[in-house]
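Participant: my questions are about this predicted structure, shown below with the sequence.
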Amino acid sequence: ISWGRNGWSTHDQLAFLKGRGREFDIDLVIIGLVNNDAHTPGVSKARRLFVWHKVAARITPFFGNTVRFLSARANSVLYGLEYFENWGMDGWSGALNSEDNLAAYGHTIGELKDHLQRRGVAYFFVSLPTVGEGDVDSQFEPLFEVLARNDVRYLDLRPTVLARFGMYSDAQIRAELWANPANGHPGRVLAHLFASETGEYLLSGFGLEARIQAQQDAAR
């Protein structure tokens with residue numbers, strides 16, 4: 001079952017699992033990890049991005065990519081002003097990687113781990129890096145450090161993504177890897193890579209087949 005929701009952080013995922021997630025008999029949870037998942041309400045000073053394109057979309061259904069492109073350019077100017085220091089991707093990342101926020105994120109990870117272990121649910125995180133929007137390594141390294149300190153398993157897809165697409169030009173990234181030329185979320189090519197690599201990991205590194213066999217043997 002895909003429980004992913006737009007805008008969710010790890011904090012939101014934990015809240016779901018402790019709430020409605022209790023209605024399901026879960027065997028395994030695969031938690032997608034993106035660079036802003038450390039956002040902790042009440043702790044992080046990160047601010048949401050200006051989304052002019054969503055306002056424009058309510059006015060006119062035409063030229064969506066053009067409006068999104070112009071929105072990004074307008075935001076790049078605004079985020080350079082001191083008043084908006086915690087806005088935009090750079091300000092957002094800086095606020096998320098603050099000492100206070102990462103400490104709070106570590107508490108969230110520990111609570112998520114304890115919750116799933118008490119329920120007997122297997123789990124692991126998988127990073128979902130894209131390219132063309134800043135340095136991939138610096139975006140994920142603080143999150144991996146928190147996971148490692150809490151002894152939480154994760155699949156790091158950075159090396160695979162960078163090996164295959166790290167040399168792409170900006171034009172290739174926008175045309176082939178992004179959701180569309182004005183939206184840096186992963187498109188079809190990256191989504192396919194994420195799915196195939198996670199599937200291979202399930203069978204090899206995570207040992208899904210062996211786990212299933214052990215359950216079947218125990219039930220006999």
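Facilitator: Received the coordinates, thanks. What you see is a predicted model; the values in this text were computed from it and never measured.
Participant: work out which residue lies at the spatial centre of the chain.
Facilitator: Taking C-alpha atoms, centre = their mean, the centroid of the chain lies closest to V34, which sits 1.9 Å from it.
Participant: what's the burial count for the nearest residue to that one once chain neighbours are set aside?
Facilitator: Computed as C-beta to C-beta, 6 or more residues apart in numbering, the closest residue to V34 that is not its neighbour in sequence is L128, at 5.4 Å. C-beta coordinates here come from the backbone N, C-alpha and C atoms, glycine included. Residues within reach of L128, counting by other C-beta atoms under 10 Å, total 20.
Participant: V29 now?
Facilitator: V29 is flanked by 17 other residues according to other C-beta under 10 Å.
Participant: confirm it sits in a strand?
Facilitator: Yes: according to DSSP: H, G, I helix; E, B strand; the rest coil, V29 belongs to a strand.
Participant: show me what contacts F165?
Facilitator: V131, I173, L177, L190 (C-beta atoms under 8 Å, 6 or more residues apart in numbering).
Participant: can I assume the residue nearest to the centre of the chain is in contact with E133?
Facilitator: No: checked against C-beta atoms under 8 Å, the pair V34 and E133 is beyond contact range at 11.0 Å.
Participant: which secondary element of this structure has the worst mean pLDDT?
Facilitator: Of all helical and strand segments in the chain, the minimum by mean pLDDT, DSSP states H and E falls on helix 52-59, at a mean of 61.
Participant: now do the contacts for A175.
Facilitator: By C-beta under 8 Å, 6+ apart, the contact set of A175 is P181.
Participant: just say helix, strand or coil for it.
Facilitator: helix.
Participant: kindly report the same for G7.
Facilitator: Going by three-state DSSP, the state assigned to G7 is coil.
Participant: burial count for it?
Facilitator: By other C-beta under 10 Å, 8 other residues sit near G7.
Participant: same check on D12?
Facilitator: If you count neighbours by other C-beta under 10 Å, D12 ends up with 15.
Participant: which elements pack onto the lengthiest helix in the chain?
Facilitator: Across the chain, the helix with the greatest residue count (assigned by DSSP state H) is helix 99-118. Counting contacts by 3 or more C-beta pairs under 8 Å, 6 or more residues apart in numbering; DSSP states H and E, helix 99-118 packs against helix 10-18, strand 122-127, helix 136-149.
Participant: sounds good, over and out.
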